[in-house]
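Trainee: Below is the structure, and that's it, no one-letter string:
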């Protein structure tokens, strides 16, 4: 695993309930991709092969639009390791779980 990507989708010009529905649609899409992911309060973190993750990321604005977003901001944080592997979600967060 050479990459992890954190993605935050912020639909613009919609009410709170519509925002939640759009974000839910994006998360539902991510669930169908087979990539490892973890949802948190502000973003969803994906981990896996860089090219596979970028294919997933490329679809996110289209999924949001299909769910009703007429405009949105999508923020990404990309951790890429050319040689070796990146830390997994579990390695980063398990010590903080109850």
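Mentor: Alright, I've got the coordinates. Predicted model, so just to flag it, every value in this text is computed and none were measured. Numbers count the residues shown, from 1 in each chain.
Trainee: Neighbours of residue 26, how many?
Mentor: Close neighbours of residue 26, defined as other Cβ atoms under 10 Å, add up to 23. In short, each C-beta sits where N, CA and C put it, glycine included.
Trainee: can you tell me which residues contact it?
Mentor: 9, 44, 60, 63-64, 67 (Cβ atoms under 8 Å, 6 or more residues apart in numbering).
Trainee: Do you have the helices of the chain handy? List them.
Mentor: Ranges of helices in the chain, per DSSP state H, are 16-32, 50-66, 89-93.
Trainee: Ok, which of these comes nearest residue 2?
Mentor: Closest to residue 2 of the helices of the chain, according to Cβ to Cβ: helix 50-66, at 5.6 Å.
Trainee: buried stuff in that closest one?
Mentor: Using 16 or more other Cβ atoms under 10 Å as the test for burial, helix 50-66 gives 50, 53, 56-57, 60-61, 63-64.
Trainee: okay, those residues in JSON lines with pLDDT next?
Mentor: Listed next are these as JSON lines, based on pLDDT from 0 to 100:
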{"residue": "50", "pLDDT": "97"}
{"residue": "53", "pLDDT": "98"}
{"residue": "56", "pLDDT": "98"}
{"residue": "57", "pLDDT": "98"}
{"residue": "60", "pLDDT": "98"}
{"residue": "61", "pLDDT": "97"}
{"residue": "63", "pLDDT": "98"}
{"residue": "64", "pLDDT": "97"}
